[in-house]
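Just the structure for this:
(one chain, ligands or ions: 1)
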Amino acid sequence: MKKINMTEEYFLWQNKIKFSDTINIDKNKKIILKNKKSNSNKSNKNKEVGTMNKANKINNTNNNIEIKNEELKKIYLEVKECMKCEKLCRTRLNVVFGRGDENPDIVFVGEAPGADEDRLGFPFVGRAGKLLDKWIDELKINKYNFYIMNALKCRPPENRDPLPEEKINCRNFFVRQLEILNPKIICALGRHGFGNLIEFDLKTPFGKARNTVHYYKNKDKEVPVIATYHPAYVLRNQKEETKVISDFEFMLKELNNILENN
Ligand code: URA
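Residues are numbered from 1 along each chain as shown. Below you'll find the predicted structure:
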């Protein structure tokens, strides 16, 4: 049987991991999916979305996905070799590239990997990820194609905020990854994810960015961006959860308009 290397292994799974509780890694660094949710949703997806995704389906030829996969793999390999941030490249266990559908309707953009993400190599697989999963589940976001990534690919030590120079160092990977993914809408989770997409003074109260459609220039396209609170913030401020649910509903309304008019 053909032996596959770590990069192929990563890409084999990155588009199958829809929920954080599906992933585990054994001692040989083999990725194990535990929960049937990750595989079962795809089959129902087109049924549930009905005609909305017709345009999507026509564009989603396997060919297209394979090309995207190869292009993303190329960036992933560059990220793995990256030594631009002197501190982060020495302290990281893994780079955290992304997970989800490579032809996404929605891309969620977080801040930077935490300890669990650093250990497993995928974004939002810790406590914050579980809360994000819960929202995705409750709002049936899983019937759309979605992808999750961060502004930064490496974990800042002690979960400190990313430094401006670290965001600059990582920016080229971020921009190219989003270009290839070509989402219909972007959901920024928290101020750092948002600030990587839209010019925003980090001292401004982040709540001011909510309830508005912003636009990110992705190659030659203006992609709508919706801002909401980071799940880690909601874990500390549980009363804010209703605001996130309402932001997600706002995002889905926008997305449905886009899909219907395509
Ligand atoms: N917080 C983030 O912003 N990203 C992750 O991947 C995990 C926690």
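
hang on, Pro231 packs against Gly126?
No - using Cβ atoms under 8 Å, Pro231 makes no contact with Gly126, being 9.7 Å away. C-beta coordinates here come from the backbone N, C-alpha and C atoms, glycine included.

Quickly note the distance from the residue in the stretch 1-150 of the chain that the ligand sits nearest to to Leu259.
Closest residue of the stretch 1-150 of the chain to the ligand, Cβ to the nearest ligand atom: Gly110 (3.0 Å). According to Cβ to Cβ, to the nearest Å, Gly110 and Leu259 sit 24 Å apart.

These two - which one has more neighbours?
Each of Gly110 and Leu259 has its neighbours counted (other Cβ atoms under 10 Å); Gly110 has more, 28 against 19.

and the residue of the stretch 1-150 of the chain closest to the ligand, what does it touch?
With contacts defined as Cβ atoms under 8 Å, 6 or more residues apart in numbering, Gly110 is in contact with 123-124, 128, 148-151, 189-190, 192-193, 230.

at 6 Å what do you get?
150, 189, 193 (Cβ atoms under 6 Å, 6 or more residues apart in numbering).

ok, now Lys130?
Lys130 is in contact with Ser20, counting by Cβ under 6 Å, 6+ apart.

pretty sure it belongs to a strand, no?
No - counting by DSSP: H, G, I helix; E, B strand; the rest coil, Lys130 falls outside a strand, being helix.

Could I get the full set of strands for the stretch 151-262 of the chain?
185-189, 214-218, 221-228 (DSSP state E, counting those that start in this stretch).

Rebuild those as JSON lines, extending it with distance to Thr91.
Putting these into JSON lines (distance: least, Cβ to Cβ, whole Å) gives the following:
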{"stretch": "strand 185-189", "distance to Thr91": "23"}
{"stretch": "strand 214-218", "distance to Thr91": "30"}
{"stretch": "strand 221-228", "distance to Thr91": "29"}
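
so which of those strands is the most packed in?
Burial of those is given as mean neighbour count (mean count of other Cβ atoms under 10 Å); strand 185-189 ranks first at a mean of 27.
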